[in-house]
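1. Provided below for reference: sequence and predicted model.
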Amino acid sequence: MSISPYDFIRYKRLGKSADPKDIKEFIQGYLDASVADYQMSAWLMAVCFNGLAEDELVAYTEALIESGSRFDLSEIPGVKVDKHSTGGVGDKVSLVLAPLVASCGVAVPMVSGRGLGHTGGTLDKLASIPGFCTDLSVDEFKRYLSKIGVAMMGQSADLCPADGRIYALRDVTATVDSIPLIAASISSKKIAEGAQGLVLDAKAGNGSFMKDESKAEELARTIIKITHRFGVKTTALLTDMSQPLGRAIGNALEVAEAIECLKDQGPEDLRKIVLELAAEMLLLGGRKDHEQARKEAEDALERGRALEKFQEMVKMQGGDPRIVDDPNLLPQATWKIKASSERSGFVQSINAYQIGMLAVDLGAGRRRKEDLIDPAVGFRIYKKIGDEVRKDEELATVHANDESKGLEVAEEWKGCFEIGEEPVSAPRLVIKRIT
């Protein structure tokens with residue numbers, strides 16, 4: 001480095017911008033152990049307080065990308081478009097969206113992650129499908145993508161390895177919730193995977209990672225700024241996460257609901273979000289008109305082409321395609337316990353974060369990366385914001401494999417709903433479109 005790690009950290013602590021070359025060398029130094037964990041931790045904390053200028057942010061993102069290999073998808077025809085969600089409760093959108101967009105002729109390379117904390121992960125949902133393999137080599141990923149237009153895999157060891165190491169450090173040093181660091185982490189992986197277009201589902205509300213709308217929008221705009229510098233066209237939808245999306249929470253339960261949606265029989269809120277995001281992906285894939293793009297996606301859903309593509313993807317990646325016709329082949333919980341309302345009225349609000357953490361308590365999620373997942377457990381919800389509810393009416397069903405834990409969670413569930421006397425309107429599902 002042209003300056004010492006000590007001075008590099010001190011300059012950021014003082015709020016000064018670093019030379020992009022020094023940022024790259026600092027990240028490389030961390031990989032080759034010439035920069036210590038405590039020095040990287042100090043710099044990350046300084047970034048949390050003082051942010052990164054745009055050129056610093058781009059250099060940091062590029063350093064994450066260059067720490068590993070990039071997927072070369074140039075042999076696959078057409079524009080390759082991916083989607084990323086900033087996370088929420090009951091968010092099974094990718095399971096429906098990826099095969100839907102692929103069924104319209106746009107290739108969807110999707111590298112997904114596992115859940116941590118109250119938000120679920122796409123890989124955990126896919127892992128609940130018997131036999132489904134997300135641990136793909138790059139060659140397998142490209143072959144599947146070329147053959148059927150969609151492939152879903154986990155992050156490989158050589159895709160932005162610096163990001164993996166730095167994230168592990170952020171996780172234990174209270175530096176996770178920095179918008180520049182989050183944006184670079186997301187952007188680096190999407191750029192490295194070879195996507196030419198990206199649609200971001202930036203969620204805001206108590207069940208999301210970014211609970212404040214302005215922060216969710218800031219994150220979306222930062223990711224758009226970074227990805228455009230690398231030639232990836234990106235748009236974002238700011239969407240509501242003040243309550244769970246759809247009716248199912250839990251891995252196998254969400255796969256079953258995704259199949260319902262692919263049969264055009266799923267919850268209306270899930271269907272609407274999927275179609276809006278699909279229209280954005282099709283626009284990036286070459287369609288010229290938003291209304292026509294949405295109509296094309298709707299047609300693919302109604303005519304069963306998206307369902308056929310999903311079944312094709314499941315079979316291609318080693319899963320049991322019979323789950324489409326018989327979702328009971330998915331893992332099933334032993335106990336189904338009612339969580340009922342203690343009063344009559346209208347649902348005023350729902351604590352989606354608390355519901356997500358109750359799902360973790362059941363075993364549907366993980367508090368630490370090494371925690372094991374129970375794919376069968378979770379909830380089915382029957383009431384949403386604005387719905388009328390009667391005393392003793394079922395709010396949700398708890399699916400559990402431990403009866404005592406299920407009864408305990410069912411009791412706690414009642415505190416997740418605020419029920420009042422006055423009717424309220426359901427929240428806007430799509431808050432804003434950001435380009």
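-> Structure received.

2. and the helices in the stretch 301-435 of the chain?
-> For the stretch 301-435 of the chain, the helices defined by DSSP state H, counting those that start in this stretch occupy 305-316, 352-362, 403-413.

3. deepest-packed of the ones you listed, please.
-> Highest mean neighbour count of those: helix 352-362, a mean of 23 (counted as mean count of other CB atoms under 10 Å). In this view, the C-beta of every residue, glycine as well, is placed from N, C-alpha and C.

4. contacts for that helix, please.
-> Outside helix 352-362, the residues within contact range by CB atoms under 8 Å, 6 or more residues apart in numbering are 88-90, 117-120, 205-208, 211, 241-244, 249-250, 365-367, 374, 377-379, 398-400, 402, 405-406, 409, 412-413, 415-416.

5. which of the residues you listed are buried? Put it as a ChimeraX command.
-> Only the buried entries of the contacts of helix 352-362 go into this ChimeraX selection, using 16 or more other CB atoms under 10 Å:
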select :88,89,90,117,118,119,120,205,206,207,208,211,241,242,243,244,249,250,365,366,374,377,378,379,398,399,400,402,405,406,409,412,413,416
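
6. related to what we said a few turns ago, save the helices of the stretch 301-435 of the chain as CSV, and put in distance to residue 259 and mean pLDDT too.
-> Below are the helices of the stretch 301-435 of the chain laid out as CSV (distance: least, CB to CB, whole Å; pLDDT from 0 to 100):
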stretch, distance to residue 259, mean pLDDT
helix 305-316, 7, 98
helix 352-362, 20, 93
helix 403-413, 24, 94
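
7. for residue 26, what are phi and psi?
-> In terms of degrees, to the nearest 10, the main-chain angles of residue 26 are phi -70, psi -40.

8. over to residue 293?
-> The phi and psi values for residue 293, taken as degrees, to the nearest 10, are phi -60, psi -40.

9. that one: how many residues sit nearby?
-> 23 (other CB atoms under 10 Å).

10. doesn't residue 279 make contact with it?
-> Yes: using CB atoms under 8 Å, residue 293 is in contact with residue 279, at 4.2 Å.

11. on that earlier part again, make a markdown table out of the helices of the stretch 301-435 of the chain and add distance to residue 106.
-> Shown next, in a markdown table, are those (distance: least, CB to CB, whole Å):
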| stretch | distance to residue 106 |
| --- | --- |
| helix 305-316 | 11 |
| helix 352-362 | 31 |
| helix 403-413 | 40 |
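
12. right, and the helix or strand after the worst-scoring helix or strand of the chain on mean pLDDT?
-> Ranked by mean pLDDT, DSSP states H and E, the helix or strand of the chain with the weakest confidence is helix 161-172, at a mean of 87. Moving toward the C-terminus from helix 161-172, the next helix or strand (DSSP states H and E) is helix 179-192.

13. find the nearest non-adjacent residue to the residue most central in space within the chain, please.
-> With distances taken as CA atoms, centre = their mean, the residue of the chain nearest its centroid is residue 85 (3.7 Å). Nearest residue to residue 85, sequence neighbours excluded (CB to CB, 6 or more residues apart in numbering): residue 201, at 4.1 Å.

14. for the strand or helix carrying the one you found, name the packing helices and strands.
-> Residue 201 belongs to strand 197-204 when assigned by DSSP H and E. Other elements packing on strand 197-204 under the criterion 3 or more CB pairs under 8 Å, 6 or more residues apart in numbering; DSSP states H and E are strand 81-85, helix 213-229, strand 233-240, helix 268-284, strand 430-434.

15. in the helix or strand containing residue 292, what's buried?
-> For residue 292, the host element (DSSP H and E) is helix 290-302. Within helix 290-302, the residues scored as buried using 16+ other CB under 10 Å are 293-294, 296-298, 300-301.

16. what's the most distant pair in those?
-> Comparing every pair within the buried residues of helix 290-302 by CB to CB identifies 293 and 301 as the most remote, at 13.0 Å.

17. backbone dihedrals for residue 16, please?
-> phi -90, psi 150.

18. what pLDDT does it get?
-> In this model, residue 16 is scored at 94, pLDDT.

19. now do it against residue 315, distance only.
-> 55 Å (CB to CB, to the nearest Å).

20. could you do residue 59 as well?
-> From residue 59 across to residue 315, the span is 43 Å (CB to CB).

21. what's the burial count for residue 212?
-> With neighbours defined by other CB under 10 Å, the count for residue 212 comes to 11.

22. and if you look at residue 272?
-> For residue 272, using other CB under 10 Å, the count is 13.

23. next: the one 3 residues further on.
-> In terms of burial, residue 275 registers 20 neighbours under the definition other CB under 10 Å.

24. quick one: residues contacting it.
-> For residue 275, the contacting residues are 294, 297-298, 301, by CB under 8 Å, 6+ apart.

25. and the residues you listed, which is closest to residue 105?
-> Checking the contacts of residue 275 against residue 105 with CB to CB, the nearest one is residue 297 at 11.3 Å.

26. what's near enough to touch that closest one?
-> Residue 297 makes contact with 100-101, 104, 274-275, 278-279, 282 under the criterion CB under 8 Å, 6+ apart.

27. and which of these is nearest residue 10?
-> residue 101 (47.2 Å).

28. residue contacts, that closest one?
-> The contact partners of residue 101, by CB under 8 Å, 6+ apart, come to 81, 108, 150, 278, 281-282, 285, 297.

29. what does residue 78 give?
-> By CB under 8 Å, 6+ apart, the contact list for residue 78 reads 105-107, 285-286.

30. can you put the contacts of residue 275 in CSV and add distance to residue 222?
-> Listed next are those as CSV, based on distance: CB to CB, whole Å:
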residue, distance to residue 222
294, 27
297, 28
298, 32
301, 32
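
31. of the residues you listed, closest to residue 258?
-> Distance ranking of those against residue 258, using CB to CB, places residue 301 first at 11.9 Å.

32. what about the residue nearest to that closest one when sequence neighbours are not counted, how many residues nearby?
-> Distances taken as CB to CB, 6+ apart put residue 264 closest to residue 301, at 5.3 Å, once the chain neighbours are dropped. Number of residues near residue 264 (other CB under 10 Å) recorded here: 14.

33. wait, residue 264 touches residue 299, no?
-> No: look at residue 264 against residue 299 with CB under 8 Å: they stay out of range, at 10.6 Å.

34. is it true that residue 243 touches residue 383?
-> No: using CB under 8 Å, residue 243 is not in contact with residue 383, being 9.7 Å away.

35. how far is the helix or strand harbouring residue 96 from where the chain is centred?
-> For residue 96, the element it lies in under DSSP H and E is helix 93-103. Its chain's average C-alpha position is 14 Å from that of helix 93-103, according to CA atoms, centre = their mean, to the nearest Å.
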